[in-house]
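Enquirer: Next comes the sequence, and after it the predicted model I'd like to discuss.
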Amino acid sequence: MKTIYLILVLLSTFVVHAYAQQKPYMDYVLSWDGDTSILEVELTYSASQKDSTVFVFGDPSFGGQNDIFNVIKNIRVSEPEVVRIDSATRQITVYHNGAKVPQLRYEIDGSFNESQPTVASQTELFRPVISKGFLTLVNKQFTLEITDESNPLVSFIWRDHPENFNYFNSVVPSQTDPSQKLSAYYNQVSEMVYFVMGSNIDVREYNVMGIPYYSVTTKEDKYGNDLQGSLSPFFERYFPSIHRFWNDTDFPFYFLAASALQNNQKEIGAGGFGIRNGFVMKLGRAFGTWEKYVTAHETAHTWVGIKMMLGKASFDHQWFGEGFNDYTTLINLANSKIYGQEEFLHYLNEETLKKHYESEVKGAPNDAIAANYWTDYANYGKLPYRRGLIYAFYLDNQIRLASNGKFTLRNMLLDLYRYRKAKSKDEALTVDDFISAGATYIDKAALSQQVKQFMIEGIPIDFNSVKLIDAFNVEINDSIPKLNLSEGADLATIYQW
Ligand SMILES: [Zn+2]
């Protein structure tokens, strides 16, 4: 496996270089002095036969970047080129006027708003952070979108950077010298570039079933965190567990980047976002139970939510994309012993069953979620997570009972994953596929009725009439179901693969 992987990497690197002479390109040269909040960007690109090139900067859907021209500044070209900026559309148009090698220079201002500490986690998560001794950048914060997508080859190189700072890039993570050029394809770059550089940065590499995993953290913070120590159980146990769950090691690499907020006046929480094969978290408090859950949930999305989605859009069937992902997260946390019995039952009972059965919108139909998602996130945003997790738990119990313990929900999900792999890229998994996969294990008519009633129409499951495996029992108080482990039952035995 290892040999094949190496050969493929060499081959694809070679292809990038071989084409570099012919295909249109965008070459970014970056500079930062390690001290100020300014990143200097010099973009050289090909624009043969074109009178002008149109770029777009920023993405308002990424954390609401509305005042984007406070971030990109001092945009300039050299004669004979002329640049025109339309801040309303975020468009930057360069008229080449016969220039042989078009070049655009600009600055990214990574300073943050000192007067608004309560939005610090948000502004640092969705804004470039460039401060004394510390830099984090995601592509949406410093690269330009070329509107005609005409330049397929992209490269990055650091011209000026502080010596002896630790450095991580998500393009080729094994490359640890910033002055070496990184090459990628434009369509890859749009979802995968993350840079971290700093004096307080620690980068460690793990080998998880032959796949390189990178752990990128701040070393010390004012919350007393030892982030490398907090993340190591994920690399040592959780990732092996979830790869074994899915029988899947089809991955080039994966990274987790967790850093303490720089501009935090008080303890105000944590935030994160996933980018293809990585997860970025910023936190302003101690790494605790919630952060463990978030790390596990977001990284589990690699399968349910990214590789596997029901319907064409992620909003169609979030009960699967979020809820079934939450269940695989929870049972993998149990399998890897990151969550013990108490944390497992707390998440199932307090965070899920109680909140769901107390919710005023628990009976809202599936198609009411998208419309209310952002305006009423507390109710509608959480609804599909809870509804889906509860059903996944119930379905797992049904499959175990019907097969006398021989099969579990995992077998059905693995079959569904095979369906996914047999389809073309443009073809979506459907609710019918979900039902077909489950019909191997339980009665098809019953399953189809359950999906329709509980997931699509939104009728809450009545736990009075639910039969569970011997290891679990349920009590119902004021219409709220609460699960317990039966005497002698052990999570590590229930959830093993
Ligand atoms: Zn999620």
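Expert: Sure thing, it's come through.
Enquirer: Please report how far Asp177 lies from Phe239.
Expert: In this view, Asp177 and Phe239 are 27 Å apart by C-beta to C-beta, to the nearest Å. C-beta here means a position set from N, CA and C on the backbone, and glycine is covered the same way.
Enquirer: The two: which has the busier surroundings?
Expert: Set Asp177 next to Phe239 and count neighbours by other C-beta atoms under 10 Å: Phe239 wins out with 24 against 8.
Enquirer: To what extent is Asn411 buried, counted in neighbours?
Expert: Asn411 has 17 nearby residues by other C-beta under 10 Å.
Enquirer: Enumerate every residue touching it.
Expert: Taking C-beta atoms under 8 Å, 6 or more residues apart in numbering, we find Asn411 in contact with Ile399, Thr440, Tyr441.
Enquirer: Please give the element, helix or strand, for the residue lying closest to the second one once chain neighbours are set aside.
Expert: With sequence-adjacent residues excluded and distances taken as C-beta to C-beta, 6 or more residues apart in numbering, Thr440 is closest to Asp415, at 6.4 Å. Following DSSP states H and E, one finds Asp415 within helix 409-422.
Enquirer: Downstream of that helix, the next helix or strand is which one?
Expert: Note on helix 409-422: by DSSP H and E, the next helix or strand toward the C-terminus is helix 431-439.
Enquirer: got the contact list for that next one?
Expert: Against helix 431-439 from outside (C-beta under 8 Å, 6+ apart): 310-311, 317, 320, 395, 399, 412-413, 415-416, 419, 444, 447-448, 451, 456.
Enquirer: ok, now stretch 34-41?
Expert: Under the contact criterion C-beta under 8 Å, 6+ apart, stretch 34-41 has outside partners 28-32, 105-111, 128, 130-133, 135, 137, 142, 160-162, 165, 197, 199.
Enquirer: can you do 6 Å?
Expert: Ser31, Trp32, Tyr106, Glu107, Ile108, Gly110, Ser111, Ile130, Ser131, Lys132, Pro162 (C-beta atoms under 6 Å, 6 or more residues apart in numbering).
Enquirer: Of those, select the buried ones using a PyMOL command.
Expert: Entered in PyMOL, the line below selects the buried ones among those, by 16 or more other C-beta atoms under 10 Å:
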select buried, resi 32+106+107+108+110+111+130+131+162
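Enquirer: Return, as residue ranges, the portions of the stretch 1-150 of the chain with sub-threshold pLDDT.
Expert: 1-22, 64-66, 113-122 (pLDDT under 70).
Enquirer: which residue ranges form the strands in it?
Expert: 25-31, 38-45, 52-57, 72-76, 82-86, 91-95, 103-109, 129-131, 134-138, 144-146 (DSSP state E, counting those that start in this stretch).
Enquirer: Okay, buried residues for stretch 307-327 please.
Expert: By neighbour count on 16+ other C-beta under 10 Å, the buried set for stretch 307-327 is 308-310, 316-327.
Enquirer: To clarify, my last question referred to stretch 76-85.
Expert: Going by neighbour count (16+ other C-beta under 10 Å), the buried part of stretch 76-85 is Val77, Glu81, Val83.
Enquirer: Could you provide these in a markdown table, with additional columns for distance to Tyr385?
Expert: Output for these, formatted as a markdown table (distance: C-beta to C-beta, whole Å):
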| residue | distance to Tyr385 |
| --- | --- |
| Val77 | 48 |
| Glu81 | 50 |
| Val83 | 46 |
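Enquirer: host element of Glu475?
Expert: With DSSP H and E as the test, Glu475 turns up in strand 472-477.
Enquirer: Does anything pack onto the helix or strand just after that strand? Which helices or strands?
Expert: Using DSSP H and E, the helix or strand that follows strand 472-477 in sequence is strand 480-485. Judged by 3 or more C-beta pairs under 6 Å, 6 or more residues apart in numbering; DSSP states H and E, strand 480-485 is in contact with strand 472-477.
Enquirer: For Gln91, see how far away Lys50 is.
Expert: Lys50 is 15 Å from Gln91, by C-beta to C-beta.
Enquirer: Nearest residue to Lys50 in space, please, no chain neighbours.
Expert: His96 (6.6 Å).
Enquirer: can you pull the contacts of that neighbour?
Expert: His96 neighbours (C-beta under 6 Å, 6+ apart): Ala47, Glu81, Pro102.
Enquirer: quick one, phi/psi of it?
Expert: With angles defined as degrees, to the nearest 10, His96 sits at phi -80, psi -30.
Enquirer: So it versus Arg276, what's the distance?
Expert: In this structure, His96 and Arg276 are 33 Å apart, going by C-beta to C-beta.
Enquirer: Could you do Gln228 as well?
Expert: 23 Å.
Enquirer: Give me the buried entries from the contacts of helix 431-439.
Expert: 310, 317, 320, 395, 399, 412-413, 415-416, 419, 447-448, 451.
Enquirer: Show me the two of these that sit farthest apart.
Expert: His317 and Ile399 (19.5 Å; C-beta to C-beta).
Enquirer: quick one: which of the buried residues of stretch 307-327 is nearest Tyr293?
Expert: Once C-beta to C-beta is applied, the member of these that ends up nearest Tyr293 is Asp326, at 9.0 Å.
Enquirer: Tell me which residues touch that closest one, please.
Expert: Counting by C-beta under 6 Å, 6+ apart, Asp326 touches Tyr385, Leu389.
Enquirer: Which pLDDT value does the model give the closest residue to Met192 other than its chain neighbours?
Expert: Leaving aside its chain neighbours, Met192 sits nearest to Arg276 (4.9 Å; criterion: C-beta to C-beta, 6+ apart). On the pLDDT scale, Arg276 is placed at 78.
Enquirer: buried ones in stretch 169-176?
Expert: The neighbour-count check on stretch 169-176 (16+ other C-beta under 10 Å) flags Asn169, Ser170, Val171, Val172, Pro173 as buried.
Enquirer: do stretch 470-487 as well
Expert: Applying 16+ other C-beta under 10 Å to stretch 470-487 flags Ala471, Phe472, Pro481, Lys482, Leu483 as buried.
Enquirer: Assess the claim that the fourth one and Glu475 are in contact.
Expert: Translated: Lys482. Yes. Lys482 is within contact range of Glu475, at 5.2 Å (criterion: C-beta atoms under 6 Å).
Enquirer: thinking again about what came up before, widest-spaced pair of the buried residues of stretch 169-176?
Expert: Spanning the widest gap among the buried residues of stretch 169-176 are Ser170 and Val172, at 8.6 Å by C-beta to C-beta.
Enquirer: I'd like the distance between Thr352 and Ile399.
Expert: For Thr352, the distance to Ile399 (C-beta to C-beta) stands at 20 Å.
Enquirer: actually Gly323, not the one I wrote
Expert: Per C-beta to C-beta, Gly323 is found 16 Å from Ile399.
Enquirer: likewise Ala257?
Expert: 37 Å.
Enquirer: Could you check how far stretch 57-72 is from the centre of its chain?
Expert: Offset of stretch 57-72 from its chain centre (C-alpha atoms, centre = their mean, to the nearest Å): 20 Å.
Enquirer: To clarify, my last question referred to stretch 196-205.
Expert: 20 Å.
Enquirer: can you list contacts of it?
Expert: Stretch 196-205 has contacts (C-beta under 6 Å, 6+ apart) with 133-136, 165-168, 212, 214-219, 228, 257.
Enquirer: Then stretch 463-481?
Expert: With C-beta under 6 Å, 6+ apart, stretch 463-481 has contacts from Leu353, Lys354, Tyr357, Asn397, Arg400, Lys482, Leu483, Asn484, Ser486, Ala489, Ile494.
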